[in-house]
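Novice: Would you be able to build a 3D model of this:
(chains A, B and C)
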Amino acid sequence: MQNIWLMLADPNMQWIFLGCTLLGLSSGVIGCFSYLRKQSLMGDTLAHAALPGICIAFMLTGIKSIGLFLIGAGAAGLIATFGIGYITRNSKLKQDAAMGIVLSGFFGFGIVLLTLIQHGSYGNQAGLDKFLFGQAASMIASDVITMTSVCVLLITVCTLLFKQFKLISFDPGFARGIGYPVAFLEQLLMLLIVVAVVAGIQAVGVVLVAALLITPAVSARYWTDRLGLMVVLSGVFGAASGAVGTWISASVSNLPTGPVTVLAATLLFFISILFGPQRGLVAKQLMRNRVKQRFNRESESLAKNSLKKEAAL
Amino acid sequence: MSQTKMTAKHNAKMAAPLAIHGLSVAYQKKPVLRNISFEVTEGELVGVIGPNGAGKSTLMKATLGLIPSISGEVLVYGKAYKQQRKLIGYVPQRESVDWDFPTNALDVVLMGRYGHLSWFRRPGAKDKEFALECLNKVGMADYANRQISQLSGGQQQRVFLARALAQDAKLYFMDEPFAGVDAATEKAIITLLQELKLQGKTVIVVHHDLATVQDYFDSVLLLNVELQAYGPTAETFTQEQLQRTYGGRLAFLDRSIQPLSISEGKGE
Amino acid sequence: MSDFWILLTGALVASCCGILGVFLVLRKMAMIGDAISHSVMPGIVVAFLLSGSRDSLLMMFAALLCGLLTTFLIQMFQNSGIQSDASIGVVFTALFAIGVVLVSLYARQVHLDQDAILYGEIAYVHWNIWELGGVSMGPKAIWLLGFTLFVIAAVIGLFYKQFKLCAFDPALAAAIGIPVVFFHYLLMGLVSMATVSSFESVGAILVVGLLIIPASTAYLLTDRLGVMIGLSVGAGVASTFLGYGAAVLLDASIAGCMVCAASLLFIAAFLFSPSHGVIVKKLRLRQLT
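Specialist: Below you'll find the predicted structure:
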């Protein structure tokens, strides 16, 4: 495996490394809110739904650029969220089925478009299939710059609107009561998720980009009960996964960035679920033993007391 | 105490429809039920009463083995619960199932027969006849082929009761059967409870409406994590015991208990 | 002749998925089906690396193990307090990532194409013939899928009442002594089997479309469980036929077209179902007023 400093000596790699780290950071931050709003799989649905949007954007313009793809994927993402809401409101189908339908329907449509692009005469289509699993190394400088600025924007918005997002995640009814534009904020958060997903697609791929939103947030939840700290930790976990993913995939030939990044995040998750204070499995087992012991002691002393009473009688 | 007396007492215990010894349940840190012990006499209607979060539903679920307990023993007619499943009928809370499920009322009642069928047998004509009879007993025979989502809340509750009847049990557990039902259903349930009692069956009901306790139940079991009191309604369902059970929530209790004190006044 | 084999393969895939999809939709586990269809990936790759063949029983077994592992992990994380959809997301992305890494590392040494796993190669099923003593027995995929369908139909048929009660009211099922957990894993095992025997034809990602979409279509069309299963299979088979036709016309991905056809059928049912359709309900309201 290549020495990390050697890799970073390459100026192009510096940019990519920075981009992926920032991407992990911003997805981790936004993922916290989608986790707390119990919408973790929404990121997955949006990522799959983004595929036809990206394909259509490419077919219309013939250019491969993150900016255009953001617009296409954003539009597709909005249609997808609307579709899920419409299905659950107007039929007896539940959220999970609606999500499955929209996710696979959009993705199937995207695959059809992708094959049309591959078989058709769309010029510079090489690399579009890299979108499925992500290949950070294939990004060019302008992509990286777009991605980096998008990530900075995401983090800024989250920092500025932290208290609003916190409240709508915890108690949207109360937020409405004190006059927050809840519908607008919810849409905004959804839009930020779409942006994070699309920015992540080129580095991590359509199939796995959801993990960047989910896994760091779940891991962070194991270490703290405070939202502020959770958001920071989740960002740090995401950034570390992004950095490790880029580093390893750049040093082993033919290894896509996405899966490596996801596996790095999963490793952090396992460490968290085992050793997190209070919530971790180890801590829980210890606590369970203590409760049981205390319980047994109490019932023993109760039994002794009643025996004493009987004896006294 | 002599040896023969001991065994005699033991045998008497064996016959009880339900005997629970030292049952405790804990979620995470918090004990939800602590050291519950009681015995139910055959042919009684028992109301389980207590404030929200007192562990009423938990008691029922732990008894049925639906959630694990950390200690204790549950005996049904003197044997472990698992050997006596066919003697038990269960009416879960109405909200616990998805009423959009593609099935009709008769089919739901037929599910009550599943416990009596061998693994691979399908319910047959006899089972269907019996299920229809059970639907008839709760006044729902006309709705046998109705899709369950098209039934009103009270009707759904009656279908659940019919299903419990189809279980043809000796000991029934009902989790809040009176919650959110119309007057007709409430009456139908009462009639049914009385009929079950006449047949010598034992029914344990989680109940939330303090005003009706004295009219409906022979015995009450007051629960708030620990067993507060258990005995014949007349002796157990007293202001003092209720205060003990409901503790700090007395302000709320005072209001809901109004009809009770009035009826007590009349009685005296 | 190749058209015949392709359509037969599609019909078999749709039947396997259609039956199981009904129970996934009713038990609100559609996304768990999605997760399993992704996470059988490492099993498929490892079995392929070991046996060098795409349709071996070893592959079936490995995928079964992966599917059960997924189910177990999701359950375990849920029990330890993680929200259900987050635990689904963590588990399937991790397992799928392992699968992709394995493919990327070894794809050069063995002929296992990422595209084949993702999009399937239903167009080539008739090339891979099973020969028994020099006699051609037809495509291997047909036999594998036929076997899977037989197992699924037999298990669901034998334990119909148990599966039904576990889906409708698991508490009562547990109270009368049906091993609810066992049936949960049995269903998930069957889903893994269906996924792995279908992946060659329609690809690992789009299996979920055939699991969930036709079953949802059927859910909107009937109020009877038995009928729902039949309709689900019917909608699935119709989607594969329509999808194949469209794919030939457009020169596009067959699997993608099949899922698109399934989606169109769903939209039709959503709008025009006689009992639950949106438009039908609107019309009825207008008649009332």
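Novice: so where's the chain uncertain?
Specialist: If you meant another chain, say so; for now it's chain A. Scanning chain A for pLDDT under 70 picks out A:1-8, A:121-133, A:135, A:137, A:307, A:309-313.
Novice: My question was about chain C, not that one.
Specialist: Residues of chain C that meet the cut-off, pLDDT under 70, sit at C:1, C:53-56, C:107-121, C:126-127, C:131-132, C:137, C:204-205.
Novice: Now it against chain B: closest residue?
Specialist: Here chain C gets closest to chain B at one residue, residue C:176, 3.4 Å apart by C-beta to the nearest C-beta. For the C-beta atoms, the positions are set from N, CA and C on the backbone; glycine is no exception.
Novice: isn't that residue right next to residue B:85, touching?
Specialist: Yes - assessed by C-beta atoms under 8 Å, residue C:176 is found in contact with residue B:85 at 5.7 Å.
Novice: Residue C:123 versus the closest residue in space to the residue of chain C closest to chain B that isn't next to it in sequence, what's the distance?
Specialist: Excluding the flanking residues, the one nearest residue C:176 by C-beta to C-beta, 6 or more residues apart in numbering or on different chains is residue B:115, at 3.4 Å. Residue B:115 sits 50 Å away from residue C:123 when distances are taken as C-beta to C-beta, to the nearest Å.
Novice: What count of nearby residues applies to residue A:170?
Specialist: Applying other C-beta atoms under 10 Å in any protein chain shown, we find 12 residues neighbouring residue A:170.
Novice: which residues touch it?
Specialist: Residues near residue A:170 by C-beta atoms under 8 Å, 6 or more residues apart in numbering or on different chains: residue A:36.
Novice: Distance across stretch B:73-82, terminal residue to terminal residue?
Specialist: 12 Å (C-alpha to C-alpha, to the nearest Å).
Novice: tell me the mean pLDDT over that stretch?
Specialist: For stretch B:73-82, mean pLDDT is 85.
Novice: and that stretch, anywhere near chain C?
Specialist: Yes - against chain C, stretch B:73-82 shows contacts by C-beta under 8 Å from any C-beta of the partner chain at residue B:82.
Novice: Quick check on the closest residue to chain C within chain B: phi, psi?
Specialist: Using C-beta to the nearest C-beta, the closest approach of chain B to chain C is made by residue B:115 at 3.4 Å. Main-chain dihedrals, residue B:115, degrees, to the nearest 10: phi -60, psi -20.
Novice: so who does it touch?
Specialist: By C-beta under 8 Å, 6+ apart, the residues touching residue B:115 are B:85-86, B:167, C:176-177.
Novice: and if you look at residue C:66?
Specialist: C:39-43, C:95, C:192 are the contacts of residue C:66 under C-beta under 8 Å, 6+ apart.
Novice: if you count what's nearby, which of residue C:176 and residue B:85 comes out ahead?
Specialist: Ranked by neighbour count (other C-beta under 10 Å), residue C:176 and residue B:85 place residue C:176 first, with 22 against 19.
Novice: re earlier: most neighbours among the contacts of residue C:66, which one is it?
Specialist: residue C:40 leads those on contacts (other C-beta under 10 Å) with 34 neighbours.
Novice: Secondary structure element holding the nearest residue to it once chain neighbours are set aside?
Specialist: Nearest non-adjacent residue to residue C:40, counting by C-beta to C-beta, 6+ apart: residue C:63, 4.1 Å away. Taking DSSP states H and E as the criterion, residue C:63 maps to helix C:57-79.
Novice: Tell me which other helices or strands whatever helix or strand comes next after that helix touches.
Specialist: Downstream of helix C:57-79, the next assigned helix or strand under DSSP H and E is helix C:84-106. Using 3 or more C-beta pairs under 8 Å, 6 or more residues apart in numbering or on different chains; DSSP states H and E, the elements in contact with helix C:84-106 are helix A:40-61, helix A:209-221, helix A:257-275, helix C:30-39, helix C:41-51, helix C:57-79, helix C:114-119.
Novice: List the buried residues of the first one.
Specialist: Buried residues in helix A:40-61, defined by neighbour count with 16 or more other C-beta atoms under 10 Å in any protein chain shown: A:40-58.
Novice: what do you get for the third one?
Specialist: Taking 16+ other C-beta under 10 Å as the basis for neighbour counts, the residues of helix A:257-275 that come out buried are A:257-269, A:272-273.
Novice: Return the residues of the stretch 201-313 of chain A in contact with chain C.
Specialist: A:207-208, A:210-211, A:213-215, A:217-218, A:221, A:252, A:254-256, A:258-260, A:262-263, A:266, A:269, A:273, A:279, A:281, A:284.
Novice: and residue 196, what is it in contact with?
Specialist: Because you didn't say which chain, this covers chain A. Neighbouring residues of residue A:196 by C-beta under 8 Å, 6+ apart: A:23, A:26-27, A:30-31, A:43, A:154, A:212-213.
Novice: actually it's chain B I care about, not the one you picked
Specialist: B:172, B:203.
Novice: Let me see the domain layout of chain A.
Specialist: As assigned by automatic domain parsing, chain A contains the domains A:4-275, A:280-313.
Novice: Buried deepest among those, which one?
Specialist: Stretch with highest mean neighbour count among the domains of chain A: domain A:4-275 (a mean of 21; mean count of other C-beta atoms under 10 Å in any protein chain shown).
Novice: quick one on the thing from earlier: so the residue nearest to residue C:40 sits against residue C:200, correct?
Specialist: No - Residue C:63 sits out of contact with residue C:200 when judged by C-beta under 8 Å, with a separation of 11.4 Å.
Novice: in chain A, what residue is nearest chain C?
Specialist: Closest point on chain A to chain C, by C-beta to the nearest C-beta, is residue A:108, at 2.8 Å.
Novice: if I've got this straight, that residue is in a helix?
Specialist: Yes - Residue A:108 forms part of a helix when assessed by DSSP: H, G, I helix; E, B strand; the rest coil.
Novice: ok, it - contacts?
Specialist: Counting by C-beta under 8 Å, 6+ apart, residue A:108 touches C:206, C:209, C:255-260, C:262-263.
Novice: how about a cut-off of 6 Å?
Specialist: C:206, C:209, C:256, C:259-260 (C-beta atoms under 6 Å, 6 or more residues apart in numbering or on different chains).
Novice: I'd like the residues you listed as JSON lines, with secondary structure appended.
Specialist: Formatted as JSON lines, the contacts of residue A:108 follow (three-state DSSP):
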{"residue": "C:206", "secondary structure": "coil"}
{"residue": "C:209", "secondary structure": "helix"}
{"residue": "C:256", "secondary structure": "helix"}
{"residue": "C:259", "secondary structure": "helix"}
{"residue": "C:260", "secondary structure": "helix"}
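Novice: just the residues you listed that are near chain A?
Specialist: With C-beta under 6 Å from any C-beta of the partner chain as the criterion, those include C:206, C:209, C:256, C:259-260 near chain A.
Novice: For PyMOL, write the select line for the buried members of the residues you listed.
Specialist: Selection of buried members from the ones next to chain A among the contacts of residue A:108 for PyMOL, criterion 16+ other C-beta under 10 Å:
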select buried, chain C and resi 206+209+256+259+260
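Novice: Once you drop chain neighbours, what's closest to residue 80?
Specialist: Just so you know, I chose chain A. Take residue A:80 and drop its neighbours on the chain: the residue closest to it by C-beta to C-beta, 6+ apart is residue A:49, 3.6 Å away.
Novice: looking at chain C here, not the other one
Specialist: residue A:281 (6.4 Å).
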